[in-house]
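Undergrad: A predicted structure for the sequence below; I have some questions about it.
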Amino acid sequence: MAKSYLSIELVDKSFERNGQVSEVLKQVSLGVEKGEFISIIGHSGCGKSTLLNLVAGLTKVTSGAVLLENKEVSEPGPERAVVFQNHSLLPWLTVYENVSLAVDKVFSRKKSKAERHDWVMRNLDLVQMTHAKDKKPSEVSGGMKQRVGIARALAMEPKVLLLDEPFGALDALTRAHLQDQVMQIHSKLGNTVLMITHDVDEAVLLSDRIVMMTNGPAARIGEILDVPIARPRNRIELATDRSYLKCREAVLKFLYERHRLVEAA
Amino acid sequence: MSVTNLNTAPAKAKPSAQVVTFSAPAKRPAPSQFMRRLSAVAGDIVPPLVTLLVLLVAWEFICSSPTSSLPSPTRVMAESWDLIVHPFYVGQGTDQGMAWHIMASLQRVAVGYAIAAVVGIAMGVLVGQSQWAMKGLDPIFQILRTVPPLAWLPLSLAAFRDGNPSAIFVIFITAVWPVIINTAVGIRNIPQDYQNVAKVLRLNQFEYFAKIMLPAAAPYIFTGLRIGIGLSWLAIVAAEMLIGGVGIGFFIWDAWNSSLISDIIVALIYVGVVGFFLDRFIAFIGRAVTRGTATA
Ligand SMILES: Nc1ncnc2c1ncn2[C@@H]1O[C@H](COP(=O)(O)OP(=O)(O)OP(=O)(O)O)[C@@H](O)[C@H]1O
Ligand SMILES: [Mg+2]
């Protein structure tokens, strides 16, 4: 059988601290096809970021393997660009420079200087941030910072785009706006996306499949839900869509009936 | 209650508003803004001026008796008038105007401090990157840091056999510790996020150093540099007292030997003012370089 584009195979991950081993992920397997949009949802602390970091190569698997195009992932690299939980723009660089740092590094040989400039501007335009290109991150809003983070990741032309709660810290309106933008970009560029989220509506709206994780320690993938809704999707039409509501209910039931967070919050 | 308040408030506001409109009806915001800035500046300048005046008067009062061992401000003015009005006087040997003494001292500080900055940042980067080096070297640094600058002087005189390099070495050894320690702390505190960005981009060692490490640690580095410049200026005066030649420290020592107490007081004012501006200068550069960095 042919392997998936991105393949997570029987991955275990445990951290050791002061001689104490804590198992975070246990026997996690997932295949992602090219161009798919996958959401990972689960309660806080179950190991979603850990899983994403494993795919990014920022942390190493304890056992098992992550394969991208049949090659084992052993270190971080721009073909698996990450948009981090808290934007992580470099505060001493302008919006433009934050993106061009990535572009200059990744395309230093493949593009001329003028082409690189155009490419930076293209990606800033994609997230509608050209107007603030000379501003420092501290001078733009939280939503704009996150957009620049997305532009920086997109500009690397990654094989897989990894998003760690990209809209977690934003207000509902900004969040909806950015979700629409990400949907547009995804339909235009056809990226393969792995996105972590806490938000059930966001997961259903954006994803082709939703990966639901059980609670830690030793979290597994509990269920994988197909979202059979045609694209382009429209959030207003979906609000009353039968299959949308069914998906939503399935995720909610998983999170709040079968796998409630036991510890008192 | 609230009704009376509402009634009185506009009544109070009116006259001042009228004054502005009457004086310059065409461009109303300009003069008021100018006046506001002027009063803000005045608010900053008046308190120190008043305090200075009070202190001078008190000093004059305390030291005005003929038996006083220290001169009063007016006597300082009278006795050291030549010194005060001819800062650029050029004479024989060490008989120079204040400006030249200060220049000579500043030159030594510049050399010693520049070496301390470069070596301190380099050492700090090395130490900050390795947990082992940090643990191993930190206690040594912490002990050496507390050695008073002048205690190094005999050793450096023995090593260099010459006054000038010895003074520069003392500056260096005094200023280098806070730079090393602060740089190391800055490097250790680089957020994991920035390191992750560097890893995803596969920045090489040099790119990481120039594009992430230095800018991220810059606020810490400048804190160290600022402490360092203060210490350098403290050390140079003491060191020059002992090595002689042209320089503000030796000038003070020379004045003491000739019982020119008024000259010493003039020199102290110079030392203080120059020290103040050195500190502000480094702080200014720090702010210019690290603009926006602090607010992530
Ligand atoms: N470097 C580490 N060392 C030790 N334990 C870690 C480390 N990183 C994560 N963990 C542990 O792994 C578990 C999962 O953490 P992770 O950050 O992946 O959760 P998460 O699902 O992303 O949570 P959230 O939704 O709050 O972001 C946590 O219990 C955490 O304490
Ligand atoms: Mg997380």
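TA: Okay, I see it. Numbers count the residues shown, from 1 in each chain, chains lettered A, B, ... in the order given. Ligands and ions are numbered 1, 2, ... in the order given.
Undergrad: Can you check the pLDDT for the residue in the stretch 51-200 of chain B positioned nearest to ligand 1?
TA: Ligand 1 sits closest to B:Gln192 of the stretch 51-200 of chain B, with a gap of 9.3 Å, by Cβ to the nearest ligand atom. From N, CA and C alone the C-beta is placed, and that goes for glycine too. Note on B:Gln192: pLDDT of 91.
Undergrad: gap between the closest residue to A:Asp171 other than its chain neighbours and A:Ala176?
TA: Among residues not flanking A:Asp171 along the chain, A:Gly143 sits closest, at 8.0 Å (Cβ to Cβ, 6 or more residues apart in numbering or on different chains). Applying Cβ to Cβ, to the nearest Å, the value for A:Gly143 to A:Ala176 is 11 Å.
Undergrad: Same question for B:Leu214.
TA: 39 Å.
Undergrad: Unless I misread the structure, the residue nearest to A:Asp171 falls within a helix.
TA: Yes. According to DSSP: H, G, I helix; E, B strand; the rest coil, A:Gly143 belongs to a helix.
Undergrad: May I have the residues that are in contact with it?
TA: A:Leu170, A:Asp171, A:Thr174, A:Arg175, A:His177, A:Leu178 (Cβ atoms under 8 Å, 6 or more residues apart in numbering or on different chains).
Undergrad: Contact residues of chain A facing ligand 1?
TA: For chain A, the contact set with ligand 1 under Cβ under 6 Å from any ligand atom comprises A:15, A:17, A:22, A:24, A:42, A:44-50, A:216.
Undergrad: give me that answer again for 8 Å
TA: Residues of chain A lying close to ligand 1 by Cβ under 8 Å from any ligand atom are A:15-17, A:22, A:24, A:42-53, A:59, A:85, A:164-165, A:196, A:198, A:213, A:216-217, A:219.
Undergrad: Among those residues, name the ones in helices.
TA: A:Lys48, A:Ser49, A:Thr50, A:Leu51, A:Leu52, A:Asn53 (DSSP state H).
Undergrad: Narrow those to those that are buried.
TA: Among these, those classed as buried by 16 or more other Cβ atoms under 10 Å in any protein chain shown are A:Lys48, A:Ser49, A:Thr50, A:Leu51, A:Leu52, A:Asn53.
Undergrad: Number of residues surrounding the residue of the stretch 51-200 of chain B found nearest chain A?
TA: Scanning the stretch 51-200 of chain B for the residue nearest chain A gives B:Asp193, at 3.7 Å (criterion: Cβ to the nearest Cβ). Per other Cβ atoms under 10 Å in any protein chain shown, the neighbour tally for B:Asp193 reads 16.
Undergrad: Over to the nearest residue to it once chain neighbours are set aside. Which of the three states is it?
TA: Once flanking residues are discounted, B:Asp193 sits nearest to A:Ser88: 3.7 Å by Cβ to Cβ, 6+ apart. For A:Ser88, the assignment made with three-state DSSP gives coil.
Undergrad: Distance check, A:Ser88 against A:Asp199.
TA: Here A:Ser88 is placed at a distance of 20 Å from A:Asp199 (Cβ to Cβ).
Undergrad: Have a look at those two and say which one is more surrounded.
TA: A:Ser88 (24 against 17).
Undergrad: wait, that one sits on B:Lys199?
TA: No. Checked against Cβ atoms under 8 Å, the pair A:Ser88 and B:Lys199 is beyond contact range at 11.6 Å.
Undergrad: Report the contact partners of B:Trp177.
TA: Residues in contact with B:Trp177 (Cβ under 8 Å, 6+ apart) are B:Gly120, B:Phe141, B:Leu144, B:Arg145.
Undergrad: Next step: the residues you listed restricted to helices.
TA: B:Gly120, B:Phe141, B:Leu144, B:Arg145.
Undergrad: Quick one: the buried ones among the ones in helices among the residues of chain A next to ligand 1 as CSV, columns for pLDDT too.
TA: Conversion of those to CSV gives the following (pLDDT from 0 to 100):
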residue, pLDDT
A:Lys48, 93
A:Ser49, 92
A:Thr50, 93
A:Leu51, 94
A:Leu52, 94
A:Asn53, 94
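Undergrad: how about the nearest residue to A:Glu223, chain neighbours excluded?
TA: Excluding the flanking residues, the one nearest A:Glu223 by Cβ to Cβ, 6+ apart is A:Met212, at 4.8 Å.
Undergrad: from memory that neighbour sits against A:Ala219, does it?
TA: No. At 10.5 Å, A:Met212 does not count as touching A:Ala219 under the criterion of Cβ under 8 Å.
Undergrad: Which of these two has more residues huddled nearby?
TA: Neighbours per residue (other Cβ under 10 Å) separate A:Met212 from A:Ala219, with A:Ala219 holding more: 25 against 22.
Undergrad: That one contacts A:Ser49, correct?
TA: No. Judged on Cβ under 8 Å, A:Ala219 makes no contact with A:Ser49 at a distance of 11.6 Å.
Undergrad: tell me the helices in the chain, going along the chain?
TA: All of this refers to chain A. Going by DSSP H, chain A shows helices at A:48-56, A:95-106, A:113-126, A:142-155, A:172-189, A:200-206, A:235-238, A:242-253.
Undergrad: try chain B instead
TA: With helices called from DSSP H, chain B shows them at B:2-23, B:29-62, B:73-79, B:81-85, B:98-129, B:131-145, B:149-160, B:163-188, B:192-201, B:205-208, B:214-243, B:248-257, B:261-289.
Undergrad: neighbouring contacts of the shortest one?
TA: Residues from elsewhere that reach helix B:205-208 (Cβ under 8 Å, 6+ apart): A:Lys105, B:Ala198.
Undergrad: what do you get if the cut-off is 10 Å, keeping everything else the same?
TA: A:Leu101, A:Asp104, A:Lys105, B:Ile190, B:Tyr194, B:Gln195, B:Ala198, B:Lys199, B:Leu201, B:Arg202, B:Met213, B:Leu214 (Cβ atoms under 10 Å, 6 or more residues apart in numbering or on different chains).
Undergrad: and these, which are buried?
TA: Buried residues within these, counting neighbours by 16+ other Cβ under 10 Å: A:Leu101, A:Asp104, A:Lys105, B:Ile190, B:Tyr194, B:Gln195, B:Ala198, B:Lys199, B:Leu201, B:Met213, B:Leu214.
Undergrad: Using PyMOL, define a selection of the buried residues within the ones in helices among the contacts of B:Trp177.
TA: A single PyMOL command selects the buried members of the ones in helices among the contacts of B:Trp177 (16+ other Cβ under 10 Å):
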select buried, chain B and resi 120+141
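Undergrad: Between which two of the ones in helices among the contacts of B:Trp177 is the distance greatest?
TA: Maximum pairwise distance among the ones in helices among the contacts of B:Trp177 (Cβ to Cβ): 12.6 Å, between B:Gly120 and B:Leu144.
Undergrad: Return every residue with contacts to both of those two.
TA: Common neighbours of B:Gly120 and B:Leu144, counting by Cβ under 10 Å, 6+ apart, are B:Val176, B:Trp177, B:Ile180.
Undergrad: tell me the contacts of the nearest residue to A:Leu6 once chain neighbours are set aside?
TA: Nearest non-adjacent residue to A:Leu6, counting by Cβ to Cβ, 6+ apart: A:Val32, 4.1 Å away. A:Val32 makes contact with A:4-8, A:38, A:55, A:68, A:160, A:192-194, A:208-209, A:211, according to Cβ under 10 Å, 6+ apart.
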